[in-house]
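Undergrad: I'll drop the sequence and a predicted model, then ask my questions.
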Amino acid sequence: MEILVIGGNRYFGKRLTGRLLDSGHRVTVLNRGSSPTPAGTIPLVADRNDEKALEKALGDRTFDVVVDQVCYTPRQAEIARRVFAGRTRRYVMTSTVEVYEYEDSAVPVAEEVLDLAGVTVDPDLPWEDPEFLESHYGEGKRQAEAVFAAGSDFAWASVRVAHVLGGTDDFTGRVEHYARRIRAGEPIAVPVANRPATYVYVEEIAAFLAWAVEAEFTGPVNAHSHGPLTTAEICAEIEEMVGGRTVFQEVEVGEVSPFSFARSYVMSNSRAESLGYHFPHSSEWRRKALSETLAVSGRAA
């Protein structure tokens, strides 16, 4: 198949690209040109926020599937909906568990909990402001999904990715945050009611996205391993690796540590499994994932 990956240069995007190449697909990668595209891919350079530049870079190319790794806002979604009309038969958007950030459910949340038809889309918000975008990450993804759900000329799917763990190239710094505090015995701020969350191993989400490229489902699908994790479980693993002591500090208000959640929006992966994909249990990869990121022989030693 002819596949376009938008923004497939880092973390699980590059793993996805590698899997697509290994499967024999012809892969084009579009980015702003700030870093080289993976070996074996066809590079295209454009700012995806610039509609004319994007159209010029694409020219008359058409694709079987477009995988958009960096669609964060309704404005970007609207550009994609226009530009890829007639250029692809299927569009797969990488979304996030954070679309459920307002949920607080005693049971795992399924895709239909979020009514995309009821999401207010406002492309005129200051989406170009990095601070605004970061603080409205879930909202931006919600609105982007709503743009596609309202209708397009191509089949559309979104993969709502759980919190990702693993890899020596985890750039988030979240795992190291815990390692530093545990090693030093410093307090780790958590909500008074600290809820579990759903996670996925970095290699697993790459595998799922590669599977989704070849599948035919439409609409949103949750992607995560079985077995939600708590902050305490993650910290216990890290403590065994780096030494030190885990000290939790419960806070009523204010900023908490990265893997701490006052609301419960653990996802259900029943739809993905009914479509034919089987996820592992987090216990199968949790220690390996944390070890990779901590790089015990280096940063966490």
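TA: Ah, there it is.
Undergrad: state the mean pLDDT of the longest strand along the chain.
TA: For the chain, the strand with the greatest residue count under DSSP state E is strand 88-96. If you average the pLDDT over strand 88-96, you get 97.
Undergrad: pull the number of nearby residues for residue 273.
TA: Around residue 273 there are 12 other residues, counting by other C-beta atoms under 10 Å. Every C-beta, even on glycine, is put in place using the N, C-alpha and C of the backbone.
Undergrad: which helix or which strand is home to it?
TA: According to DSSP states H and E, residue 273 maps onto helix 270-274.
Undergrad: check which residues of the helix or strand that comes right after that helix are buried.
TA: Following helix 270-274 in sequence order, the next helix or strand is helix 286-294 (DSSP H and E). Buried positions in helix 286-294, judged by neighbour count with 16 or more other C-beta atoms under 10 Å: 286, 289-294.
Undergrad: can you add pLDDT and give these back as a markdown table?
TA: A markdown table is the format used below for these (pLDDT from 0 to 100):
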| residue | pLDDT |
| --- | --- |
| 286 | 96 |
| 289 | 96 |
| 290 | 96 |
| 291 | 95 |
| 292 | 94 |
| 293 | 94 |
| 294 | 92 |
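Undergrad: closest to residue 280 among those residues?
TA: residue 286 (10.3 Å; C-beta to C-beta).
Undergrad: once you drop chain neighbours, what's closest to that closest one?
TA: Distance criterion C-beta to C-beta, 6 or more residues apart in numbering; nearest residue to residue 286, sequence neighbours excluded, is residue 237 at 6.2 Å.
Undergrad: tell me how far that neighbour lies from residue 147.
TA: Distance from residue 237 to residue 147, counting by C-beta to C-beta, to the nearest Å: 39 Å.
Undergrad: more neighbours, those two?
TA: Applying other C-beta under 10 Å to residue 237 and residue 147 shows that residue 147 carries more neighbours, namely 25 against 19.
Undergrad: element containing that one?
TA: helix 137-149.
Undergrad: if you count contacts, what does that helix end up packed against?
TA: In terms of contacts (3 or more C-beta pairs under 8 Å, 6 or more residues apart in numbering; DSSP states H and E), helix 137-149 is packed against helix 74-83, strand 88-96, strand 155-161.
Undergrad: I appreciate the help and will end here.
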